[in-house]
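Enquirer: no sequence for this one, just the structure:
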């Protein structure tokens, strides 16, 4: 133990819960062990038993990582409330988000390691805002799809504003949701709601999510809803205006 970090190797469930609850405001707490994870909210997702890395940040962010890919398998955003406790002799880490109501519950069969670290926070200087991405796509809609005709930008609906509304070559409405960086299940659900609005009005409608990347769970939900994804890096967007359009996944 030192003033800058706490390190516990193979702690008991009780010691692990105590350490997490005590140290979660330090900066970052990491937990490594064999666990099962359940997400409930606007959908349901689960991870079967496996060794994973769980990261808890002092702003309430919770991330569940595995050995591959940059994005977490399941996560909760800043503002969520996380608590650790012992249930049936096992460590449980539960994160709750109030609006919308969503929970992530990780039950650890074994805990290999817990570390708590003093980590600072700084403002990131962004190159290309979300609005810049939207403006660039409106100026070059073929980056989304050949033959796309822009109908409107920031189109108001009862559940929010559509980033880009267009029509394809067949006259169908195309709803485009833009995220500058990682798109999560929240973006997918929002896009699905927009598309449903136009379908309920009797229109043929499709949905396309444009983002720098997408979480694996969000990609799964996207395919379930029959939506599409285009990966565009904001830093490369200007350079791509003279290239062929991106392929849909």
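Expert: It's in. What you are looking at is a predicted structure, and each value in this text was computed from that prediction instead of being measured.
Enquirer: drop to CA atoms for contacts and neighbour counts, all remaining ones
Expert: Fine.
Enquirer: identify each buried residue in the top helix by length along the chain, please.
Expert: Taking DSSP state H as the criterion, the chain has its longest helix at helix 185-200. Within helix 185-200, the residues scored as buried using 16 or more other CA atoms under 10 Å are 185, 187-196, 198.
Enquirer: which other residues reach it?
Expert: For helix 185-200, the external contacting residues (CA atoms under 8 Å, 6 or more residues apart in numbering) are 157, 159, 162, 173, 175-177, 179, 204-209, 215, 217-219, 221-222, 225, 227.
Enquirer: need the max-distance pair from the buried residues of helix 185-200.
Expert: The span of the buried residues of helix 185-200, defined through CA to CA, is set by 185 and 198 at 20.6 Å.
Enquirer: coming back round to it: now distance to residue 66 too, for the buried residues of helix 185-200, in JSON lines please.
Expert: Putting the buried residues of helix 185-200 into JSON lines (distance: CA to CA, whole Å) gives the following:
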{"residue": "185", "distance to residue 66": "18"}
{"residue": "187", "distance to residue 66": "22"}
{"residue": "188", "distance to residue 66": "22"}
{"residue": "189", "distance to residue 66": "24"}
{"residue": "190", "distance to residue 66": "27"}
{"residue": "191", "distance to residue 66": "27"}
{"residue": "192", "distance to residue 66": "28"}
{"residue": "193", "distance to residue 66": "30"}
{"residue": "194", "distance to residue 66": "32"}
{"residue": "195", "distance to residue 66": "33"}
{"residue": "196", "distance to residue 66": "34"}
{"residue": "198", "distance to residue 66": "38"}
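Enquirer: tell me the one of those residues nearest residue 29?
Expert: Nearest to residue 29 out of the buried residues of helix 185-200 is residue 185 (CA to CA; 24.2 Å).
Enquirer: quick one: secondary structure of residue 71?
Expert: Three-state call for residue 71 (DSSP: H, G, I helix; E, B strand; the rest coil): coil.
Enquirer: count the neighbours of it for me.
Expert: Per other CA atoms under 10 Å, the neighbour tally for residue 71 reads 19.
Enquirer: got a list of what it touches?
Expert: Counting by CA under 8 Å, 6+ apart, residue 71 has contacts 65, 214-216.
Enquirer: okay, these in CSV with pLDDT, distance to residue 50 and neighbour count next?
Expert: Shown next, in CSV, are these (pLDDT from 0 to 100; distance: CA to CA, whole Å; neighbours: other CA atoms under 10 Å):
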residue, pLDDT, distance to residue 50, neighbour count
65, 96, 11, 19
214, 89, 22, 25
215, 87, 19, 19
216, 85, 17, 18
